[in-house]
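Visitor: Sequence first, predicted model second:
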Amino acid sequence: MTHAEVKAAFDKMCRTFMVEDIRKGIDLATANYLVALGLLSYLEVLGGLITGNGADAGGNFAKSNFVSALDHMPNEYAKLDASLKVAPATGKVQKGIYGVFRCGLVHEYAPKGQVIVYSKPNSAPDATRCGLEIEDDGTDKRLVVNNNELFRDFKALVEKVGEWVDTQDAEHYPNVKAVFERLDAYTIQA
């Protein structure tokens, strides 16, 4: 693929479809959980562009791609990812944002542990808040998902990766290009 084709594919997929889907989900549909699910899925996709493992049908890169995206977001996400744990009544302790929230929401429509998801339609994000926070009332703790703030940080990551594409950044662009070439090579067979 040429640089122009990679840029067009990135712009269409990430800067247009992803960003507009989430914006409309917050502002028009007030679809709290659907927006959170979209953001978590889209973070995994962006992580795949960062690592170069995206669209690799033979690999199991979902968690590493997701964590790679978090690593390129504000430090609060990495701190929460390192400390977040949920201990179920039975079974294995779940750790990190991927295990606790992303997998629970994607596979069970029920995050593991106490979670609340907020969207504020047609509102600017609160500069003092992170998209994912722990709320502690002294008795119980719960994960709070602030969709507006998570969307703000997601858009910043889209633009960071987009800048790598725009400038053909020597370190990161080859990974992004490899993913779009992999996607472009897929064929439907029925």
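Guide: Nice, thanks for sending it over. Keep in mind that this is a model prediction, so the values were computed, not measured.

Visitor: Closest to the centroid, which residue in this structure?
Guide: For the chain, the residue nearest the mean C-alpha position is Leu43 (1.9 Å; C-alpha atoms, centre = their mean).

Visitor: need the contact list for that one.
Guide: For Leu43, the contact set (C-beta atoms under 8 Å, 6 or more residues apart in numbering) comprises 66, 69-70, 154, 157. Where C-beta positions appear, they are placed from N, C-alpha and C, glycine not excepted.

Visitor: how much space between it and Tyr77?
Guide: Counting by C-beta to C-beta, to the nearest Å, the separation of Leu43 from Tyr77 is 9 Å.

Visitor: I'd like the contacts of Leu43 as CSV, with neighbour count and pLDDT appended.
Guide: Compiled in CSV, the contacts of Leu43 are given as follows (neighbours: other C-beta atoms under 10 Å; pLDDT from 0 to 100):
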residue, neighbour count, pLDDT
Phe66, 25, 95
Ala69, 23, 97
Leu70, 22, 96
Phe154, 24, 98
Leu157, 21, 98
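
Visitor: Looking at the residues you listed, which is nearest Gly59?
Guide: Each of the contacts of Leu43 was scored against Gly59 by C-beta to C-beta, and Phe66 proved nearest at 13.5 Å.

Visitor: That closest one: helix or strand, and which one exactly?
Guide: For Phe66, the host element (DSSP states H and E) is helix 62-71.

Visitor: so after that helix, what's the next helix or strand?
Guide: Sequence order places helix 75-83 as the next helix or strand after helix 62-71, per DSSP H and E.

Visitor: Which strands or helices does the next helix or strand after that following helix pack on?
Guide: Where DSSP H and E defines the elements, the next helix or strand beyond helix 75-83 is strand 85-86. For strand 85-86, the packing partners by 3 or more C-beta pairs under 8 Å, 6 or more residues apart in numbering; DSSP states H and E come out as strand 94-95.

Visitor: Please read off the pLDDT at Ala110 from the model.
Guide: Looking at Ala110, its pLDDT is 69.
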